[in-house]
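Undergrad: Sequence unavailable; structure follows:
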């Protein structure tokens, strides 16, 4: 919890291309639990130290367990990555892997059974996500827009399209190929629809989805290499509004991909 509470906030800085500076922590606890606090602090400060991000203040009080982190970062004037910059003709990219956290969640829920090795890797990605801070900074001046993938790729991409007044064609199978468990022994029962659902509607990935001019492909790949993070081209931005999802052959995919809704009674 200590790691993830900070990581999901650092991911927002990554999506802006920002350098972390400091954070505040408001923590409510029902009672003092020394062992819990020690583990929480280890996870929190290990990640904070790795990014040079100082705990600068906050509050601690009694109450139902509540963890509230606010992060502060900086970018050069005019250099922030925004959601609103995508333009027709841009490539659509995603970093890292997708769907791992949702796979682990469904195992916890009892709706899926997977090999122990696959579950362990997916659980690690769910509980200890990696904020792509270095990649976000490397993409400044290259990417035209960016967002971190927290509620599901398809839904989060919609924010970018609306902000930019554009549309996109998303290659579902290119995104599905980025699920880490794809091809792992014991996963043969998963069909194309299952992999697409994990990649496009899984959420909790904390990867970066971003756009860049087609002419900048080499620069994007160099940024990924410099940041130690793989990047994959998964579509293109178009002038016609809306998100069009196609398969590897370019045929429309009719499967529905619903993103996480924080206020849904069914979630």
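TA: In hand now; what should we look at? Since the structure is predicted, the reported quantities are computational estimates derived from the model, not experimental observations.

Undergrad: drop to CA atoms for contacts and neighbour counts, all remaining ones
TA: Fine.

Undergrad: tell me which residues of the strand or helix carrying residue 119 are tucked away?
TA: Using DSSP states H and E, residue 119 maps to helix 116-127. By neighbour count with 16 or more other C-alpha atoms under 10 Å, helix 116-127 contains the buried residues 118-119, 122-123, 125-127.

Undergrad: Could you export these as CSV, including pLDDT and distance to residue 60?
TA: Listed next are the buried residues of helix 116-127 as CSV, based on pLDDT from 0 to 100; distance: C-alpha to C-alpha, whole Å:
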residue, pLDDT, distance to residue 60
118, 97, 38
119, 97, 35
122, 97, 32
123, 97, 29
125, 96, 28
126, 97, 26
127, 97, 23
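
Undergrad: Tell me where this structure has strands.
TA: Assigned by DSSP state E, the chain shows strands spanning 19-29, 54-62, 66-74, 90-95, 145-149, 167-171, 207-213, 231-238, 242-246.

Undergrad: between those, which one is nearest to residue 9?
TA: Nearest to residue 9 among those is strand 66-74; the distance by C-alpha to C-alpha comes to 6.3 Å.

Undergrad: Name the residues of the closest one that come out as buried.
TA: For strand 66-74, a neighbour-count test (16+ other C-alpha under 10 Å) marks 69-73 as buried.

Undergrad: what's near enough to touch the residue sitting nearest the centre point of the chain?
TA: The centre of the chain sits closest to residue 206, judged by C-alpha atoms, centre = their mean, with a distance of 2.1 Å. With contact taken as C-alpha atoms under 8 Å, 6 or more residues apart in numbering, residue 206 is in contact with 8, 11, 129-132, 148-150.

Undergrad: any idea how far it lies from residue 30?
TA: As defined by C-alpha to C-alpha, to the nearest Å, residue 206 lies at a distance of 29 Å from residue 30.

Undergrad: Residue 178 too?
TA: Separation of residue 178 from residue 30 (C-alpha to C-alpha): 40 Å.

Undergrad: Pick out whichever of the two has more residues nearby.
TA: More crowded of residue 178 and residue 30, by other C-alpha atoms under 10 Å: residue 178, with 24 against 11.
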